[in-house]
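# show me the folded form of this:
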Amino acid sequence: MAPSPLPTLLSALVTLPLLYLLSTFSPSSNPYSIPLESPFPLDLPILSTHKIVAVGDLHGSLAVTKRVLRMAGVIGGERDGWVLGRGTLVQTGDIVDRGTDTIALYKYFEELRNDAESQGGKFHSLLGNHEYMNAMGDWRYVTDKDIATWGGREQRREALTPEGWLGKTWLTNYSLTARVPLHDPREISLLEAQAVPAQPPSSDFSHAAISFLHAGLPPSTPSSSLLPYPSKLNDLAHSLLLQSLLAASPPHPPNAFPGVPSTCTQQERDLWGGEGVLWYRGWALDQDEERVCEQAREMMSKVGVRRMVMGHTPNFEGIVTRCNATILLIDTGISPAYGGPLSALSITTTLHSLPAVHVPHELRRKRRDGPERWLERETVRTLRVERDEKEEKGERGREVVVGFEERVVGG
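As a prediction, this is how the structure comes out:
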């Protein structure tokens with residue numbers, strides 16, 4: 001499906017307490033910087049900043065993966081180590097299948113995870129439907145060259161057990177979904193400890209987070225399987241994964257595919273169905289924009305996030321945005337198996353002290369001297385290079401701002 005056009009966002013008063021949406025963004029007007037129509041000075045003092053980078057389906061190519069992460073400013077140097085500092089990286093699953101670098105990718109990601117943690121960064125690794133397919137014995141998309149890198153089918157099968165190195169890695173360091181805060185909680189806590197004037201109450205940030213998932217949260221998901229989010233879904237998914245690995249089903253083909261283990265509960269089995277969170281494509285394929293946006297608003301309110309980011313359904317024209325960039329579909333088929341454009345998503349959120357003179361009249365209150373509010377700026381960017389372009393040193397790709405919001409918070 002072709003990317004949906006992003007409508008111009010309209011400035012609006014948000015009904016959440018003490019939170020006011022001051023300016024929004026139309027990407028066609030100024031796609032490379034903070035919008036010029038912002039009512040606030042661009043040089044306001046920065047109190048904190050947090051950058052999130054997300055990358056979609058990889059499907060077995062280490063070289064492409066590293067190029068995308070370098071382009072996005074996540075890795076660098078001779079050893080391609082972590083350079084994102086205290087930022088956050090999210091990879092939305094489907095690392096396995098279609099390619100030949102399964103071992104190399106998973107081992108590199110464990111090195112990168114340790115590197116990130118040593119610098120105060122965070123690396124969220126998610127599981128896709130292809131990880132679960134392999135855990136259940138569905139090897140239809142495993143290449144012969146990939147099997148050879150393991151030393152044979154039996155060695156690969158042994159790795160996919162609870163005690164095998166890959167099975168253990170999945171169980172320990174991977175999850176089904178993640179709710180990632182837009183602000184680094186450590187920096188917010190530090191500001192509060194320093195008694196920065198008029199720091200906003202925690203309620204102002206209750207939905208200041210992004211949901212990440214491989215496929216999607218179906219609107220029909222019952223609350224009993226969804227909440228509290230994300231722990232409920234992750235607990236169900238962990239159990240499904242463990243039982244699939246314990247079953248150690250012989251690979252299909254040539255053996256019959258056994259499907260979900262019989263020991264699983266109905267809630268666990270529902271994760272796998274066509275309308276389950278491991279396969280759902282409605283956010284990408286449903287053409288009724290009004291219905292999709294309404295469903296998205298309801299789901300985001302329920303799980304406490306501002307945006308939902310997903311992979312799974314590839315679009316070879318680039319990252320797709322829907323519903324004012326609250327739905328972001330980041331699978332662009334970057335694996336050589338597909339040949340799509342190399343892309344990543346970047347979300348940067350900054351907090352600024354806001355002098356009283358810049359606070360809208362309807363939000364002003366008589367207070368002591370000093371900042372009366374904080375200004376939150378959230379910028380969503382897509383990054384992209386074409387596959388046939390030769391990689392240049394320091395490559396950053398073409399950047400397009402697809403979403404921008406400013407909010408006055410606190411008081």
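# which residue is the nearest non-sequential neighbour of Pro251?
Trp139 (4.3 Å; CB to CB, 6 or more residues apart in numbering). For every residue, glycine as well, the C-beta is placed using N, CA and C.
# so where do the helices sit in this protein?
62-71, 102-118, 129-136, 144-150, 153-159, 165-173, 185-193, 223-226, 231-247, 266-270, 282-285, 289-303 (DSSP state H).
# so which of the ones you listed is the most packed in?
Of all these, helix 129-136 carries the top mean neighbour count, a mean of 24, counting by mean count of other CB atoms under 10 Å.
# could you give the average pLDDT over that one?
Throughout helix 129-136, pLDDT has a mean value of 98.
# name the helices or strands packed onto that helix?
helix 165-173, helix 231-247 (3 or more CB pairs under 8 Å, 6 or more residues apart in numbering; DSSP states H and E).
# low-confidence ranges, the stretch 201-350 of the chain, go.
Applying pLDDT under 70 to the stretch 201-350 of the chain flags the ranges 201-204.
# columns distance to Pro336 on top of the helices of the chain, output as CSV?
Formatted as CSV, the helices of the chain follow (distance: least, CB to CB, whole Å):
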stretch, distance to Pro336
helix 62-71, 7
helix 102-118, 13
helix 129-136, 16
helix 144-150, 12
helix 153-159, 21
helix 165-173, 22
helix 185-193, 38
helix 223-226, 36
helix 231-247, 27
helix 266-270, 34
helix 282-285, 22
helix 289-303, 31
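# out of the ones you listed, the one nearest Glu317 is which?
Closest to Glu317 of these, according to CB to CB: helix 282-285, at 12.7 Å.
# ok, residues contacting that closest one?
1, 216, 218-219, 292, 296, 308, 310, 312-313, 315, 320, 322, 327, 329 (CB atoms under 8 Å, 6 or more residues apart in numbering).
# could you redo the last one with a cut-off of 6 Å?
For helix 282-285, the external contacting residues (CB atoms under 6 Å, 6 or more residues apart in numbering) are 216, 313, 327, 329.
# repeat for stretch 301-318
3, 54, 56-57, 92, 207, 209-216, 229, 281, 284, 326-333, 340-341.
# got the buried residues for it?
Of all the residues in stretch 301-318, those buried under the rule 16 or more other CB atoms under 10 Å are 303-315, 318.
# which one of those residues is nearest to Arg269?
Nearest member of the buried residues of stretch 301-318 to Arg269, counting by CB to CB, is His312, at 19.3 Å.
# returning to that earlier point: now tabulate the buried residues of stretch 301-318 in CSV and tack on distance to Ala237.
Shown next, in CSV, are these (distance: CB to CB, whole Å):
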residue, distance to Ala237
Val303, 15
Gly304, 19
Val305, 18
Arg306, 23
Arg307, 21
Met308, 17
Val309, 17
Met310, 15
Gly311, 16
His312, 15
Thr313, 19
Pro314, 22
Asn315, 25
Gly318, 29
